[in-house]
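*Asks:* Sequence and predicted structure, then a few things I'm wondering about:
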Amino acid sequence: MDFALSSADVRFRDEVKDFLDGSVTPEVVAELDSEVMVGPHTRKFMKLLGERRWLAPAFPEEFGGTGSSRVRQFIVQDELGYYRALPIAFVGVGIVGPTLLQYGSEEQKRKFLPAIARGDIEFALGYTEPEAGSDLTNIQVKAVREGDHYVVNGQKMFNTGCHYAEYVWLAARTSSQGPRSRGISLFMVDMGTPGITVRPIYVMDGERSNEVFYDDVRVPADALVGEENSGFSYMLTALAHERAFPIGGVRRTFEEFLDLARSKGLGTDAHARRIIAELATELEALGLMAYRAAWLSDQHRVPDWEAPIVKLMLTEFMKKFSSAAMELLGPVAVLEGTASGAVLGGRLQYLYRHAARRTISGGTSEVMRNAIAARGLGLAR
Amino acid sequence: MTSIVRLVYPWGKTERRFASGSQSIAWAGERTVGYKVDFALSEQQELLRHSAREFLAVECTGSVVRQMELAAGHSGSLWDKLGRLGWIGLPVPAEHGGGGADFLDIVVLLEEIGRACGPSAPYSTMVLGALTLVDMADEAQKRRFLPAIASGAQIWTMALGELPDGSPERVGMAAGGQGHSLTLSGTKVFVTDAHISDHIICVARAGPNSDLVYAVVPGRLAGLRVTPQRTMAGDVLCQVDFDRVAVAPEDVLSRRGDASQLESLVQRAGLGLCAQIVGGCQRALEKAVDYARQRVQFGRPIGSFQAIQHHCANALVDVECARFLTYKASWMVANSAPCSKEASMAKGWVSQAGVRATVLCQQVNGGVGLTRDSDMQLYYRKVRAYSSYLGTPGFHYDIVARELGLEGYGRSSGPASVDRAA
């Protein structure tokens, strides 16, 4: 048992922190916080990370990574979160990369992995539909084989990132025979392909998601990932790894809140003290769970219930923490960041609004508990 | 001997800390490349866990636990067997006949004892007794006291808490006496296993600076009145009244302590309780899941209903967090790193998580889980009781708040400091 990072990992982390200190400019943060999300400033920043091979350190060297551990990749993402720059590259590095490495063709690996690792391209997730939220097997966007293309038709919903990503990681139905989960395929679709229409959906935390319409979109057959109709199983494996969320962002906000609490003398109130100490402890426990999930990946064990624990705890903690902190600070905490007198740049009220979304997307808390019960305890449906 | 421990955590700032060398590990300088985050126990620890689990599954069954509840929380024969296996002697250094194990090893064993809903005497002897001697006794005292613990021949405990609430930081008992002899008068409460202990380490104040002293008192002595009190968990806490009990100089542990040293001792002992809580909750959850899979209502196993699944999932989250908070703090203790924040985080959280988890598991077990024949209710009661010992969550979270720099409070029962002695 060892809870300390190796010296090498520590040096690496310090290097990453030093770099992020200088390169995550206010313009980058502002862009990421706006509906633009990944814009020109962020792209430039991503490429700087890519040059250092820090976007996807766990990719093999030949594909732009350093072949390093998932723990090291976790360190980078954790620090990116701490500097509020995490949304970048998450899908490409966390989902597309591992899936291609395991199931993709050599050509696909060569074409996409280095580009992801360099920060040249962004991927958006194309899973959710109006009728396929928690029930991803209910995907209805169709992909019909016609010669050396697939023709895609249908509508996707809440596909965040489609307005800036070069590619969408699209889940579409290629067969209606047999069980619904067995007829889904994954494609890497160029967002510039004719027939794709993106319409914004504005979410209460101020961020933007999208409706995406596919009208006779012709996708080359070599955009298919792995085998036809095996997409759902790939999605499950990828989700298991993806859910080992880094906690840097919420850790940063908590530290800032703690500084504020100290300066406001909240420690003199026993009730406040208790609440803050409990939150700090939950954050500590959450951090341990997050590292444990990353460590398991390095042991070549899919953290199929351990990662859902992280996702569940992290997102519920966001709600609990932001709400409790706002309660302790009083009405000043409800002011938006641009209002005069706002505390922490309005970060707590933003987090509270954002948290409502985080307990839903990426698998609702209820689905997470189902997964934990089923995979961690063998309690089947 | 002090050595500098550069302990680096996966997040947060790197920190330099001073650690006093313990008898087991001396640190100097940075950890070398090759160590890395590792959430697995060592092979030796896994072996210990496995042997303890197998042994206790046979020797500490539900029916043995029920018998102990009727026999003041003790089984002489179980104790003897544990002693013969050398497990009680694990924390005793090898040169005194023990296993020379580190704190994390002991936590692994205690987790298994908790899993079996086992008795408290091993914990009292190993953690309250042996580890205190290792820290506070001089060589002569160690030679006198430790071998009998190592061989399993003696049960030890510590008398710390006082009225009104047994809070572990408020030591008011003032030892009288001349020179280096002491006289103890007063009352200690909530002392585990005092009624069966061969020796009791009594914590009192002595000397011009009201230092904390640790006085070894034989368990059966004129002037000592031990009143056993049954708890909800079938174990026994004792009120111990001292009536001018004389303690010879050689029986006063040579190292005197201050408030922060007492706090560390309490926190470490708290981790020993955490380990047992974690083990108990793990077993309770396994039993709840087994039941949920078998019990059929409405034409299907109740484990296929979401409400039941979510109860179990929530309990698993609590157990996992409790486990690793305990392991991390225990690992820090084993590496002689100051860990006041982590140790109190653990005891505070594990106490609450343990109660949450066992409440859910008990609920899942339905009506049949309520009967005296059910093992579930053993864990429900045991975990609730242990959560209250050696500092309530309120006590520990106050320490966490202090460690987080939330200063400026004036609570009536703050963490101990020398000038708050009286």
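*Replies:* Structure's in. What do you need? Residues are numbered from 1 along each chain as shown, chains lettered A, B, ... in the order given.
*Asks:* On the three-state scheme, the residue lying closest to B:Arg53 once chain neighbours are set aside is what?
*Replies:* Nearest residue to B:Arg53 in three dimensions, chain neighbours excluded: B:Glu112, at 5.2 Å (Cβ to Cβ, 6 or more residues apart in numbering or on different chains). Using the backbone N, CA and C atoms, a C-beta is placed for each residue, glycine as well. Under DSSP: H, G, I helix; E, B strand; the rest coil, B:Glu112 falls in the helix class.
*Asks:* Report the contact partners of B:Glu112.
*Replies:* B:Glu112 sits next to B:Arg49, B:Ala52, B:Arg53, B:Leu56, B:Gly279 when contact means Cβ atoms under 8 Å, 6 or more residues apart in numbering or on different chains.
*Asks:* switch to 10 Å and redo it
*Replies:* Taking Cβ atoms under 10 Å, 6 or more residues apart in numbering or on different chains, we find B:Glu112 in contact with B:48-57, B:60, B:87, B:118, B:275-276, B:279, B:282-283.
*Asks:* Make a ChimeraX selection of the buried ones in those residues.
*Replies:* The ChimeraX command for the buried members of the contacts of B:Glu112 (criterion: 16 or more other Cβ atoms under 10 Å in any protein chain shown) is given here:
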select /B:48,49,52,55,56,60,87,118,275,276,279,282,283
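*Asks:* Hmm, A:Asn153 is touching A:Asp216, no?
*Replies:* Yes - counting by Cβ atoms under 10 Å, A:Asp216 is a contact partner of A:Asn153 at 6.3 Å.
*Asks:* For these two, indicate the residue with more neighbours.
*Replies:* Taking neighbours as other Cβ atoms under 10 Å in any protein chain shown, A:Asn153 and A:Asp216 compare with A:Asn153 leading, 16 against 10.
*Asks:* helix or strand for that one, which one?
*Replies:* Assignment of secondary structure by DSSP states H and E places A:Asn153 within strand A:149-156.
*Asks:* Kindly point out the strands partnered with that strand and how each is oriented relative to it.
*Replies:* strand A:142-146 (antiparallel), strand A:208-220 (antiparallel) (DSSP bridges).
*Asks:* Alpha carbons of that strand, as PDB, please.
*Replies:* Provided in PDB are the C-alpha atoms of strand A:149-156 (Å, rounded to 0.1, in the frame of the first residue of the first chain):
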ATOM      1  CA  HIS A 149     -20.400   4.400 -47.600                       C
ATOM      2  CA  TYR A 150     -22.900   4.400 -44.700                       C
ATOM      3  CA  VAL A 151     -25.800   6.800 -45.100                       C
ATOM      4  CA  VAL A 152     -26.700   8.300 -41.700                       C
ATOM      5  CA  ASN A 153     -30.100   9.800 -40.800                       C
ATOM      6  CA  GLY A 154     -31.600  10.900 -37.600                       C
ATOM      7  CA  GLN A 155     -31.400  13.300 -34.700                       C
ATOM      8  CA  LYS A 156     -29.000  13.500 -31.800                       C
END
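*Asks:* C-terminal to it, what's the next element?
*Replies:* strand A:167-173.
*Asks:* now that next one and strand A:149-156, what's the angle there?
*Replies:* Calculated by axes from the mean of the first three to the mean of the last three Cα atoms, to 10 degrees, strand A:167-173 forms an angle of 90 degrees with strand A:149-156.
*Asks:* Please compute how far strand A:167-173 lies from its chain's middle.
*Replies:* 17 Å (Cα atoms, centre = their mean, to the nearest Å).
*Asks:* Give me the mean pLDDT for that strand.
*Replies:* In this model, strand A:167-173 has an average pLDDT of 97.
*Asks:* what about the strands in the chain?
*Replies:* Assuming you mean chain A. Per DSSP state E, chain A carries strands over the ranges A:123-126, A:142-146, A:149-156, A:167-173, A:184-190, A:196-202, A:208-220, A:224-225.
*Asks:* ah, I was thinking of chain B
*Replies:* Going by DSSP E, chain B shows strands at B:2-7, B:15-20, B:156-159, B:182-192, B:199-206, B:211-218, B:224-230, B:236-247, B:296-297, B:300-301.
*Asks:* Output the ones you listed in TSV; the columns should cover mean neighbour count, mean pLDDT and distance to chain A.
*Replies:* Output for the strands of chain B, formatted as TSV (neighbours: other Cβ atoms under 10 Å in any protein chain shown; pLDDT from 0 to 100; distance: least, Cβ to the nearest Cβ, whole Å):
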stretch	mean neighbour count	mean pLDDT	distance to chain A
strand B:2-7	17	32	6
strand B:15-20	13	30	11
strand B:156-159	28	98	26
strand B:182-192	22	96	23
strand B:199-206	24	95	26
strand B:211-218	22	95	25
strand B:224-230	16	95	29
strand B:236-247	20	95	26
strand B:296-297	10	95	14
strand B:300-301	14	96	8
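*Asks:* Pull the number of nearby residues for the closest residue to B:Asp38 other than its chain neighbours.
*Replies:* Counting by Cβ to Cβ, 6+ apart, A:Asp2 is the residue found nearest to B:Asp38 once chain neighbours are left out, at 4.1 Å. By other Cβ under 10 Å, 16 other residues sit near A:Asp2.
*Asks:* Of all the residues in chain B, which one is nearest chain A?
*Replies:* B:Leu406 (3.2 Å; Cβ to the nearest Cβ).
*Asks:* was I right about that residue contacting A:Gly267?
*Replies:* Yes - B:Leu406 lies in contact with A:Gly267 (Cβ under 10 Å); the separation is 3.2 Å.
*Asks:* Give me the common contacts of the two.
*Replies:* Contact with both B:Leu406 and A:Gly267 is made by residues A:Ala261, A:Arg273, A:Ile276, A:Ala277, B:Asp398, according to Cβ under 10 Å, 6+ apart.
*Asks:* which residues touch the fourth one?
*Replies:* Under the criterion of Cβ under 10 Å, 6+ apart, the neighbours of A:Ala277 are A:267, B:341, B:344-345, B:348-349, B:393-394, B:396-404, B:406.
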